[in-house]
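J.: quick one: sequence and predicted model below, then my questions.
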Amino acid sequence: MTGILVLTHGKFAEGICDAAELIMGKIENLDYHQISHGDDFNDFQAIVVKKIQALDQGEGVLVFVDLFGASPYNAGAVSKADCPDVEYRLITGLNLPMLLEACTLRKNMDVHQLAQQLLQVGNEGIREFFTEFEKERK
């Protein structure tokens with residue numbers, strides 16, 4: 001089973017993982033880490049490496065982050081050098097539909113296929129009510 005690691009600013013990681021477990025129940029092989037004001041980047045990144053290695057069960061790890069180019073993203077990107085034997089994908093712009101889909105499909109897809117599917121799900125999960133309402137009325 002593909003491992004899932006969520007990296008964010010503040011308590012977003014804890015909150016989104018909590019929301020996913022509220023919907024799905026206890027989720028195996030899911031972990032998170034978050035960076036707060038004043039945290040040392042190198043310490044944060046060292047923990048990311050340990051979590052990636054712990055989550056890998058031989059089928060890879062999917063690393064979700066909140067923002068492209070920010071500290072969680074950079075820690076995920078830099079960690080690849082310390083985890084050369086772990087297949088993992090780094091996806092930015094995490095939203096709840098993406099996390100739920102990842103937890104559901106990770107037993108049936110490899111980490112690379114899963115990453116591609118989640119990019120589509122992430123985009124489709126962003127909608128505006130009135131636009132969608134008007135589509136349904138036509």
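T.: It's in. Residues are numbered from 1 along each chain as shown.

J.: all helices of this structure, in order?
T.: Using DSSP state H, the helices found in the chain span residues 12-24, 41-55, 71-78, 96-105, 111-124, 129-137.

J.: I'd like the ones you listed laid out as JSON lines, including distance to residue 31, mean pLDDT and mean neighbour count.
T.: The C-beta positions use only the backbone N, C-alpha and C, and glycine is treated the same way. Below are these laid out as JSON lines (distance: least, CB to CB, whole Å; pLDDT from 0 to 100; neighbours: other CB atoms under 10 Å):
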{"stretch": "helix 12-24", "distance to residue 31": "8", "mean pLDDT": "98", "mean neighbour count": "15"}
{"stretch": "helix 41-55", "distance to residue 31": "5", "mean pLDDT": "98", "mean neighbour count": "17"}
{"stretch": "helix 71-78", "distance to residue 31": "13", "mean pLDDT": "97", "mean neighbour count": "20"}
{"stretch": "helix 96-105", "distance to residue 31": "12", "mean pLDDT": "96", "mean neighbour count": "19"}
{"stretch": "helix 111-124", "distance to residue 31": "15", "mean pLDDT": "94", "mean neighbour count": "16"}
{"stretch": "helix 129-137", "distance to residue 31": "33", "mean pLDDT": "88", "mean neighbour count": "8"}
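
J.: would you format those helices as JSON lines with distance to residue 3 included?
T.: JSON lines is the format used below for the helices of the chain (distance: least, CB to CB, whole Å):
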{"stretch": "helix 12-24", "distance to residue 3": "13"}
{"stretch": "helix 41-55", "distance to residue 3": "3"}
{"stretch": "helix 71-78", "distance to residue 3": "13"}
{"stretch": "helix 96-105", "distance to residue 3": "10"}
{"stretch": "helix 111-124", "distance to residue 3": "9"}
{"stretch": "helix 129-137", "distance to residue 3": "34"}
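
J.: out of these, flag the one nearest residue 86.
T.: Closest approach to residue 86 among the helices of the chain (CB to CB): helix 41-55, 5.8 Å.

J.: which residues touch that closest one?
T.: Outside helix 41-55, the residues within contact range by CB atoms under 8 Å, 6 or more residues apart in numbering are 3-5, 7, 29, 31, 33, 35, 61, 63, 71-72, 74-76, 78-79, 82-83, 86, 88.
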